[in-house]
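A.B. asks: With the sequence up front, the predicted model follows.
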Amino acid sequence: MDEASADFITLDMLREARKTVRNSPLGVINTPMIPWSQTTLPLSVSCNIQIKLENLQRTGSFKIRGVANQFARRPKGGHFVTLSAGNYGKSFAYASKHFGSKGKVVMPETAPESRSILIQSFGVEVERVPTSCLINVVNRCVQDDNMTLLHSYDDLDLIAGHASLGMEVLEVVPEPDVVVVCCGGGGLLAGVAAAIKLSGCDKTRIYGVEPEGACTMYKSFTEKKPVRMDTKSIASGLAPPSAGRLPYELCQRYVAGIILVSDEEIKAAVSTLYRAGLVVEPSGSAAFAAIVNDKIPDMEGKNVVCILSGGNIGKDELAHFPD
């Protein structure tokens, strides 16, 4: 898997992965898309926006798509390890229980404790460590404990599974002008962008959105290589310690640019969405935050897609957001 490059991703591969995801026993759903104009959400730009409600997905986020494709292509009953701030870990644990696999999730200490407890409830072990130690601990599990790594964002099968979301978008908006996607390690952004571009939407502009304090893909674009950094953001799911190598390659090829939003803008976005009846976690609100703060170029009169990528936020967390 380490040798995979952007050239490995073909439209046929993505179509096959979509069939796998659609038919997965994990119950992945085709999430609804709704027009922004049919909500009470504010908008200062005159354009036609569709919102993809991946916060309603099985396990509460898009992550189950990539997990479904990963597990379909791995031996049943294996012993897997991964790194996650919560959403991937939840989907990974859900799949591990379903398929009878052993699993361990290495989580950053900054992730909400409630997510660790939820993952453990599926029978999967959790080890919480400083963000800077995530990779080292995962490598130790692989080398010393003979576990198999299922990477949470830098994996060919995972990215192909996430591409199913992009294909669903095109069923509703066949030729979008702009698509806005959150970006952490880059797996979702890479998959959606590859699906849209390889489907022939040459003129579509695809933007990734990152927190200012966890801008690994933004810095990777600047430095022309995947970079690592000490990340910190309220959007913990968008704050892995590095951009993925394969996602970086695909984003370089298919993504128009990376937009940055502040933690304050993300907090406000969560509150605005909640007031409109949409429960979306900070990581899932990044694309929305970029749009409402007029950070996406040239949207006037355009057909735009905004992906709300996850809704895993507890009442205890919501209490810390402004009314």
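C.D. replies: That came through, no problem. Residues are numbered from 1 along each chain as shown.
A.B. asks: which residues in the chain form helices?
C.D. replies: 11-22, 63-72, 87-99, 113-120, 134-144, 156-172, 187-198, 216-223, 245-254, 263-275, 286-292, 315-318 (DSSP state H).
A.B. asks: Which one, of those helices, ends up nearest to residue 303?
C.D. replies: Closest of the helices of the chain to residue 303 is helix 156-172, at 10.3 Å (criterion: CB to CB). All C-beta spots, glycine's among them, are computed from the backbone N, C-alpha and C.
A.B. asks: gap between residue 65 and residue 222?
C.D. replies: 29 Å (CB to CB, to the nearest Å).
A.B. asks: And the two? Which one has more around it.
C.D. replies: Neighbours per residue, other CB atoms under 10 Å: of residue 65 and residue 222, the larger number sits with residue 65, 35 against 11.
A.B. asks: Centroid-wise, who is the farthest residue in this protein?
C.D. replies: Here the chain reaches farthest from its C-alpha mean at residue 144, the gap being 29.5 Å by CA atoms, centre = their mean.
A.B. asks: got the contact list for that residue?
C.D. replies: Shown in contact with residue 144 (CB atoms under 8 Å, 6 or more residues apart in numbering): no residues.
A.B. asks: And for residue 321?
C.D. replies: 267, 270-271, 274.
A.B. asks: who's in contact with the most centrally placed residue in the chain?
C.D. replies: By CA atoms, centre = their mean, the chain has its centre lying nearest to residue 188, at 4.5 Å. Counting by CB under 8 Å, 6+ apart, residue 188 touches 62, 66, 153, 162, 165, 181-182, 307, 309.
A.B. asks: and of those residues, the nearest to residue 13?
C.D. replies: Lowest distance from residue 13 to the contacts of residue 188 (CB to CB) belongs to residue 162, with 12.6 Å.
A.B. asks: Tell me the buried residues in the helix or strand bottoming out on mean pLDDT in the chain?
C.D. replies: Least confident helix or strand of the chain, by mean pLDDT, DSSP states H and E, is helix 315-318 with a mean of 72. For helix 315-318, the neighbour count (16 or more other CB atoms under 10 Å) marks residue 317 as buried.
A.B. asks: Nearest residue to residue 199 in space, ignoring adjacent ones along the chain?
C.D. replies: The shortest distance from residue 199 to any non-neighbouring residue, by CB to CB, 6 or more residues apart in numbering, is to residue 170 (5.8 Å).
A.B. asks: domains for this protein, by residue range?
C.D. replies: Per automatic domain parsing, the domain ranges recorded for the chain read 6-62+155-318, 63-149.
A.B. asks: worst average pLDDT in those domains?
C.D. replies: The stretch with the lowest mean pLDDT among the domains of the chain is domain 63-149, at a mean of 91.
A.B. asks: Check the offset of that one from the chain's centre.
C.D. replies: 16 Å (CA atoms, centre = their mean, to the nearest Å).
A.B. asks: quick one: terminal-to-terminal distance for that domain?
C.D. replies: By CA to CA, to the nearest Å, the extent of domain 63-149 from end to end equals 16 Å.
A.B. asks: Number of residues surrounding the residue nearest to residue 199?
C.D. replies: With other CB under 10 Å as criterion, residue 170 counts 18.
A.B. asks: Tell me who's in contact with it.
C.D. replies: With contacts defined as CB under 8 Å, 6+ apart, residue 170 is in contact with 176, 195-196, 199, 201.
A.B. asks: Give me the buried positions along stretch 299-310.
C.D. replies: Quick answer for stretch 299-310 (16+ other CB under 10 Å): 299, 302-310.
A.B. asks: Need the max-distance pair from these.
C.D. replies: 302 and 310 (25.1 Å).
A.B. asks: about what we covered before: export the contacts of residue 170 to TSV and tack on distance to residue 112?
C.D. replies: Compiled in TSV, the contacts of residue 170 are given as follows (distance: CB to CB, whole Å):
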residue	distance to residue 112
176	33
195	31
196	32
199	36
201	37
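A.B. asks: Format these as TSV; extra columns: distance to residue 45 and neighbour count.
C.D. replies: Listed next are the contacts of residue 170 as TSV, based on distance: CB to CB, whole Å; neighbours: other CB atoms under 10 Å:
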residue	distance to residue 45	neighbour count
176	15	24
195	25	28
196	21	25
199	26	19
201	21	22
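A.B. asks: Which two of these have the greatest separation?
C.D. replies: Longest span within these, CB to CB: 176 and 195, 11.7 Å.
A.B. asks: give the contact list for the nearest residue to residue 192 once chain neighbours are set aside.
C.D. replies: Leaving aside its sequence neighbours, residue 192 sits nearest to residue 166 (CB to CB, 6+ apart; 3.8 Å). Residues near residue 166 by CB under 8 Å, 6+ apart: 179, 191-196, 199.
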